[in-house]
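# after the sequence you'll find the predicted model.
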Amino acid sequence: MQISSDNEVKKTTNKGRKKIIIENFPEYYERYKIREFSKTELAKKLNISRPTLDKLIKQIQNK
């Protein structure tokens, strides 16, 4: 059995999932607020899940 030094140990660079960035999300959010479409329709349009959409809406409301 060979023991490697700290320099030889491979360090991982995985830092979790990639953040979802949706261009023009505030515009879509405004259209959702005036009931142009529902949450389900908006999620399908943006190709994201409903829980992810809920998180994005919560973030924009807290700003």
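Yep, that arrived. Nothing here was measured: the structure is a model prediction, and the numbers come from that model. Numbers count the residues shown, from 1 in each chain.
# every contact and neighbour count from this point should use C-alpha atoms.
Noted.
# ramachandran angles for the nearest residue to residue 32 once chain neighbours are set aside?
Using Cα to Cα, 6 or more residues apart in numbering and skipping the chain neighbours, the partner closest in space to residue 32 is residue 38 (6.5 Å). Main-chain torsions, residue 38, degrees, to the nearest 10: phi -80, psi 170.
# residue 63 and residue 45: what is the separation?
Separation of residue 63 from residue 45 (Cα to Cα, to the nearest Å) stands at 23 Å.
# neighbour count winner among these two?
residue 45 (11 against 5; other Cα atoms under 10 Å).
# what kind of secondary structure is residue 35 in?
When classified by DSSP: H, G, I helix; E, B strand; the rest coil, residue 35 comes out as coil.
# now do the helices in the chain.
Here the chain has its helices, by DSSP state H, at 25-33, 39-46, 50-61.
# distance to residue 15 and mean pLDDT for those helices - can I get that in JSON lines?
JSON lines is the format used below for the helices of the chain (distance: least, Cα to Cα, whole Å; pLDDT from 0 to 100):
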{"stretch": "helix 25-33", "distance to residue 15": "25", "mean pLDDT": "95"}
{"stretch": "helix 39-46", "distance to residue 15": "25", "mean pLDDT": "96"}
{"stretch": "helix 50-61", "distance to residue 15": "19", "mean pLDDT": "94"}
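# which one of those helices lies closest to residue 14?
Smallest distance to residue 14 across the helices of the chain (Cα to Cα): 21.0 Å, for helix 50-61.
# show me what that closest one packs onto, helices and strands only.
Where contact means 3 or more Cα pairs under 8 Å, 6 or more residues apart in numbering; DSSP states H and E, helix 50-61 is packed against helix 39-46.
# just the angle between the helix it packs on and helix 50-61, please?
The directions of helix 39-46 and helix 50-61 differ by 90 degrees, with axes from the mean of the first three to the mean of the last three Cα atoms, to 10 degrees as the criterion.
# what helices and strands are in contact with helix 39-46?
For helix 39-46, the packing partners by 3+ Cα pairs under 8 Å, 6+ apart come out as helix 25-33, helix 50-61.
# I'd like to know how many residues surround residue 41.
By other Cα under 10 Å, 13 other residues sit near residue 41.
# nice, that's everything, thank you.
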